[in-house]
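Q: when you get a sec, could you give me coordinates for this:
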Amino acid sequence: MKPNRSERSGKQAGTPSPREVGRAVAVVFLCLLGITASVVPAAAGTVSNQSAVETGRHDVTATVPPDPPSDRLGWENGVWYNESLDITRSDGYNDSELDAVVARTMARIEQVRGLEFERTPPVRLISQGQQRTETQEQFTDVNRTSRIALNTQYEALLLINESTNAVESQQALFGGGVSGYYNTSGRNITLVSPANGTLQLQEPVLAQELFHAQQDQYFNLSTNISTIEERNARNGIVEGDANYVQYLYEQRCQNEWNGTCLGYNGSDQQQAQEPPANLSIGMVQLYLQPYHSGVAFVRERQQTGGWESVTDVYDQPPNSTEQTIHPDKYPTDEPTNLTVPDRSSDSWEPLRENGERITGSVGEAGLFVSLWLPSFESRMQARTDQETIIPFRTHLRVNPVTGEPKRPVTYNYDHPVTAGWDDDKLVPYVSPGSNETGYVYETAWDSAADAREFRDGYVQLLEYHDANAVEGRANTYRIPEGSEFADAFRVVQHGTEVTIVNAPTVDALSDVRKPSDDATTGSSVDSSRPTATENESNATANGTEDPDTTTSESGPGFGLGSALVALAVLIGGRFGRSRR
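A: Model (predicted):
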């Protein structure tokens, strides 16, 4: 890898994690294809009746019973789920109006999910500009170890090239697409308004964040998470449940609640803008996985076993993205516990913090996105003759008649080339005294055939980026200088495992990882592999967690829109609805 990479700011898992990003930045991108707004929730997500939009008032006419003698489902803080609210939206929300909206939204969530709120979390409403400022303040003072780790993780997937700053990509992601989040540390909610003037809120967004507060009350969302894979696996239930609840909430907004849910006025909505240049579509799609696969996972359980079946999952959360991508594998198909032995020379060493190796994992979801991205890029570049590894439309679930994204699950992460995943672990390496970096990326598969299929797919990914086989070096490839991923790679299958070694030069590959006897053929199992590694952990630069991951300190609330406008164009147009 290039020496200048380590000068970029980033963190392993990279920048401050959502836990660090205000200990709150949440990663709920119910970002459907074709959102016509910029990186905020906008017109496509509006749920309000015409009279409310025209008058700036919201007045629900309904017959409600008197207050009950004690708390009950569908009634919170003196407000029934179908009670009239007299709110003047044109001048924003005063404290009493916001309290009333929060109370009725809580009562409505109780009607949807069947759980009683035990407390009311504080809710604040801020502008998108303030959100960007608060996010930027969190993406500072990132040390060199963390910068290397983050960039290495995304470069190993060939999602972010050596001229791109992965930290800036994450900052664009969190700062420009957040529509709301729940902070488990402070047990409070922040809603982000995209309005240029008067602050507005969207009731379904508030509903999801309130449900995160309810999840925290019942299931304790605080947990230690070390890797991207652990984050996405855990969020398969946390975000899957929350986004499914929001979807059901929106359905009631349009039906039995008669279009009475609060949304944005037309004047509050921003026009579509180009996504930030440093925003990585691959990073976005990796973060999206729990909010689509997780919803499908939860919906199936709820429809077959009721909400009790969903609630039971919190006692045994999915331990891999594989289990939410393939619900039939939950909870019995446990990942292999991979170890990565250190076989580097004296000129290279594993990246460490406080004496512990830093490692990463992205799971089946990350490898799927890695092998899918070329099809997206090929369409963007009109490279119609480019053979793709995972076809573009494999990732997208759209109505074949209307071309609109399917709801509530738009993105698919299942393809044969990655479906045999059993574990993955990445170890960054550094050359002491220089800025050069490399990595060893170990992957495990259910069978030798699955391993071969992935190996072939990864080689095809290298070839997409102009890699050439190195003459006289088996399983070795070189992406030439001038290309965005200019480096050397060795890709070897040994039985059910595939090992990818990366270094700045072909000769340095053997210094990063000395080949075993089978490396020249890639045909036999490496019997020299130890069963454990010394002093290994998934620690980050601060020795506690992977800052690139979303921990349960944050409840998602992203409305990342224009980042994926290109996807909508490619599948035939812009859609009239979006959800965050």
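
Q: give me the helices and strands touching the longest helix anywhere in the chain, please.
A: Across the chain, the helix with the greatest residue count (assigned by DSSP state H) is helix 228-254. In this structure, helix 228-254 makes packing contacts with helix 95-113, helix 203-219, helix 281-288, helix 293-313, helix 321-325, helix 363-380, judged by 3 or more Cβ pairs under 8 Å, 6 or more residues apart in numbering; DSSP states H and E. Heads up, the C-betas are built off the backbone N, CA and C, glycines and all.

Q: that one to helix 95-113, inter-axis angle?
A: Here helix 228-254 runs at an angle of 100 degrees relative to helix 95-113 (axes from the mean of the first three to the mean of the last three Cα atoms, to 10 degrees).

Q: so, low pLDDT: which residues of the stretch 251-400 of the chain?
A: Within the stretch 251-400 of the chain, the set of residues satisfying pLDDT under 70 comprises 264-277, 383-387.

Q: so which bits of the longest helix of the chain are buried?
A: 228-250, 252-253 (16 or more other Cβ atoms under 10 Å).

Q: where do the helices sit along this structure?
A: 50-55, 95-113, 128-138, 144-156, 166-177, 203-219, 228-254, 281-288, 293-313, 321-325, 363-380, 448-464, 506-512, 565-570.

Q: contacting residues around the closest residue to Ser431 other than its chain neighbours?
A: Nearest non-adjacent residue to Ser431, counting by Cβ to Cβ, 6 or more residues apart in numbering: Trp348, 5.4 Å away. For Trp348, the contacting residues are 429-431, 438, 508, 511-512, by Cβ atoms under 8 Å, 6 or more residues apart in numbering.

Q: Trp348 and Thr505: what is the separation?
A: Applying Cβ to Cβ, to the nearest Å, the value for Trp348 to Thr505 is 12 Å.

Q: hmm, Ala149 is touching Arg352, no?
A: No: if you go by Cβ atoms under 8 Å, Ala149 and Arg352 don't touch, sitting 10.4 Å apart.

Q: now the common contact residues for the two.
A: Going by Cβ under 8 Å, 6+ apart, residues that sit against Ala149 and also against Arg352 are Ile358.

Q: of those two, give the one with the bigger neighbour count.
A: Taking other Cβ atoms under 10 Å, Ala149 and Arg352 do not tie; Ala149 has more neighbours (31 against 17).

Q: thinking again about what came up before, Throw the helices and strands packed on helix 228-254 into CSV and include distance to Val340 and mean neighbour count, thanks.
A: Below are those laid out as CSV (distance: least, Cβ to Cβ, whole Å; neighbours: other Cβ atoms under 10 Å):
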stretch, distance to Val340, mean neighbour count
helix 95-113, 42, 20
helix 203-219, 33, 24
helix 281-288, 21, 24
helix 293-313, 27, 18
helix 321-325, 20, 29
helix 363-380, 16, 24
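
Q: of all the ones you listed, which lies closest to Ser169?
A: helix 281-288 (5.5 Å; Cβ to Cβ).

Q: need the CA coordinates for the closest one. PDB is fine.
A: C-alpha atoms of helix 281-288 as PDB (Å, rounded to 0.1, in the frame of the first residue of the first chain):
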ATOM      1  CA  ILE A 281     -21.300   4.100  -1.900                       C
ATOM      2  CA  GLY A 282     -19.700   0.900  -0.800                       C
ATOM      3  CA  MET A 283     -19.500   2.100   2.800                       C
ATOM      4  CA  VAL A 284     -23.100   3.200   2.600                       C
ATOM      5  CA  GLN A 285     -24.300  -0.200   1.300                       C
ATOM      6  CA  LEU A 286     -22.400  -2.000   4.000                       C
ATOM      7  CA  TYR A 287     -24.000   0.100   6.700                       C
ATOM      8  CA  LEU A 288     -27.400  -0.500   5.200                       C
END
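
Q: chain center to it: distance?
A: Computed by Cα atoms, centre = their mean, to the nearest Å, the chain-centroid distance of helix 281-288 equals 6 Å.

Q: relative to helix 166-177, how tilted is it?
A: Using the same axes, to 10 degrees: helix 281-288 against helix 166-177 is 60 degrees.

Q: so helix 281-288 versus helix 144-156, what angle?
A: Using the same axes, to 10 degrees, helix 281-288 lies at 100 degrees relative to helix 144-156.

Q: and helix 281-288, what does it pack against?
A: helix 166-177, helix 228-254, helix 363-380.

Q: of all those, which one is nearest Asp71?
A: From those, taking Cβ to Cβ, the stretch that ends up closest is helix 228-254, at 19.9 Å.

Q: can you list the low-confidence ranges for the stretch 401-550 of the chain?
A: Checking the stretch 401-550 of the chain against pLDDT under 70 turns up 517-550.

Q: quick check: closest non-adjacent residue to Val470.
A: Thr476 (4.3 Å).

Q: from Asn94, how far off is Thr476?
A: Applying Cβ to Cβ to Thr476 and Asn94 gives a distance of 67 Å.

Q: let me redo that: Asn151
A: 46 Å.

Q: among the two, which residue is more densely surrounded?
A: Asn151 (29 against 11).

Q: that one and Leu462, how far apart?
A: Taking Cβ to Cβ, one finds Asn151 at 18 Å from Leu462.

Q: now do Asn435
A: Taking Cβ to Cβ, one finds Asn435 at 23 Å from Leu462.

Q: which one of the two has more residues nearby?
A: Neighbours were counted for Asn435 and for Leu462 using other Cβ under 10 Å; Leu462 has more, 20 against 16.

Q: list the contacts for that one?
A: 158, 477, 479, 489, 491.

Q: make JSON lines from the residues you listed and add distance to Thr499 and neighbour count to it.
A: Converted to JSON lines, these look like this (distance: Cβ to Cβ, whole Å; neighbours: other Cβ atoms under 10 Å):
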{"residue": "Leu158", "distance to Thr499": "16", "neighbour count": "20"}
{"residue": "Tyr477", "distance to Thr499": "14", "neighbour count": "20"}
{"residue": "Ile479", "distance to Thr499": "18", "neighbour count": "19"}
{"residue": "Phe489", "distance to Thr499": "11", "neighbour count": "26"}
{"residue": "Val491", "distance to Thr499": "8", "neighbour count": "22"}
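
Q: for those residues, give me CSV that also has distance to Leu210.
A: CSV is the format used below for the contacts of Leu462 (distance: Cβ to Cβ, whole Å):
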residue, distance to Leu210
Leu158, 39
Tyr477, 51
Ile479, 48
Phe489, 47
Val491, 47
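
Q: strands - which of these land there?
A: Using DSSP state E, the members of the contacts of Leu462 that fall in strands are 477, 489, 491.

Q: what's the closest of those to Arg455?
A: Val491 (5.9 Å).

Q: against Tyr441, how distant is that closest one?
A: Noted for Val491: a distance of 9 Å to Tyr441, by Cβ to Cβ.

Q: can you check which residues contact both of those two?
A: Common neighbours of Val491 and Tyr441 (Cβ under 8 Å, 6+ apart) are 499-500.

Q: what about the residue lying closest to Gln246 once chain neighbours are set aside, distance to Asn188?
A: Nearest-residue entry for Gln246: Gln208, 4.3 Å, with adjacent residues in sequence omitted and distances by Cβ to Cβ, 6+ apart. To Asn188, Gln208 is 15 Å away according to Cβ to Cβ.
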